[in-house]
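Trainee: Below: sequence and its predicted model.
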Amino acid sequence: MASLVDRMMRASKIEVNLYEEVEADKGAMGQAISVVVIVSVAAGIGAIAYTGISGLILGTIVALISWFIWAYLIFLVGTKLLPEPETKSDVGELLRTIAFANSPGVLRVLGFIPFLGGIIVFVTAIWILVATVIAVRQALDYKSTWRAVGVCIIAAIIVMIISWLLFSVLNVPNPFVPSVA
């Protein structure tokens with residue numbers, strides 16, 4: 001089995017073959033979970049000045065849950081709503097490929113640096129988005145990158161609606177929507 005660091009570097013370089021490799025490697029689930037934990041801890045360290053240690057712990061837990069929900073929604077949209085004739089996938093393939101697509105997020109550890117940290121966090125978000133589209137295209141065996149973009153957009157809209165409903169029902173402020181107080 002390939003090393004975790006090697007796979008994360010290749011994922012960060014958006015090597016298409018890496019996404020095919022982890023899609024097929026059912027034994028890579030442990031590595032995939034490790035990537036999500038490493039990236040969320042790095043982001044937590046980068047934001048610790050703003051969130052404290054509780055933000056680091058809660059952020060890691062939320063990242064793991066979010067990763068699973070995101071992969072499952074992409075699986076449903078990609079295989080049920082927008083499949084191509086060649087589309088054949090399972091949730092595990094998407095969990096593995098999407099986890100590795102988050103690899104550039106380790107750079108968020110630098111988020112605490114005044115001014116530069118915000119730029120790094122923004123750039124890594126775009127980088128992860130591009131890698132996720134490629135991961136989705138490969139995991140769902142799409143010929144079209146645009147179809148993968150569409151699947152990601154539809155899944156993101158579903159996540160936003162669920163988030164809005166959840167925060168509304170719980171009557172707590174939604175951290176994804178600016179408050180108008």
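Mentor: Looks like it arrived, so ask away. Residues are numbered from 1 along each chain as shown.
Trainee: chain center to the helix ranked longest in the chain: distance?
Mentor: Counting by DSSP state H, the longest helix found in the chain is helix 29-76. Taking CA atoms, centre = their mean, to the nearest Å, one finds the center of helix 29-76 at 9 Å from the center of the full chain.
Trainee: What's the first helix or strand after it?
Mentor: Scanning forward in sequence from helix 29-76, with DSSP states H and E defining helices and strands, the next element found is helix 91-101.
Trainee: Let me know the next secondary structure element after that following helix.
Mentor: Following helix 91-101 in sequence order, the next helix or strand is helix 116-139 (DSSP H and E).
Trainee: Just want the angle from that next one to helix 91-101.
Mentor: In this structure, helix 116-139 runs at an angle of 150 degrees to helix 91-101, with axes from the mean of the first three to the mean of the last three CA atoms, to 10 degrees as the basis.
Trainee: Give me the local confidence score for the closest residue to residue 127 other than its chain neighbours.
Mentor: Of all residues beyond its chain neighbours, the one nearest residue 127 is residue 104 (4.2 Å), with distances taken as CB to CB, 6 or more residues apart in numbering. From N, CA and C alone the C-beta is placed, and that goes for glycine too. The predicted local confidence for residue 104 comes out at a pLDDT of 96.
Trainee: Which strands or helices does the longest helix of the chain pack on?
Mentor: helix 4-12, helix 91-101, helix 116-139, helix 145-170 (3 or more CB pairs under 8 Å, 6 or more residues apart in numbering; DSSP states H and E).
Trainee: mind redoing it with 7 Å?
Mentor: Using 3 or more CB pairs under 7 Å, 6 or more residues apart in numbering; DSSP states H and E as the contact criterion, the secondary-structure elements in contact with helix 29-76 are helix 4-12, helix 91-101, helix 145-170.
Trainee: The last one versus helix 29-76: what angle between them?
Mentor: Pointing back at helix 145-170 there. Using the same axes, to 10 degrees: helix 145-170 against helix 29-76 is 90 degrees.
Trainee: cool, the shortest one as well?
Mentor: Here the directions of helix 4-12 and helix 29-76 differ by 30 degrees (the same axes, to 10 degrees).
Trainee: How far does helix 4-12 sit from its chain's centre?
Mentor: The answer for helix 4-12 is 15 Å, by CA atoms, centre = their mean.
Trainee: which residues sit against that helix?
Mentor: Contacts of helix 4-12 with the rest of the structure, by CB atoms under 7 Å, 6 or more residues apart in numbering, involve 18, 22, 31, 34, 35, 100, 101, 103, 104, 131.
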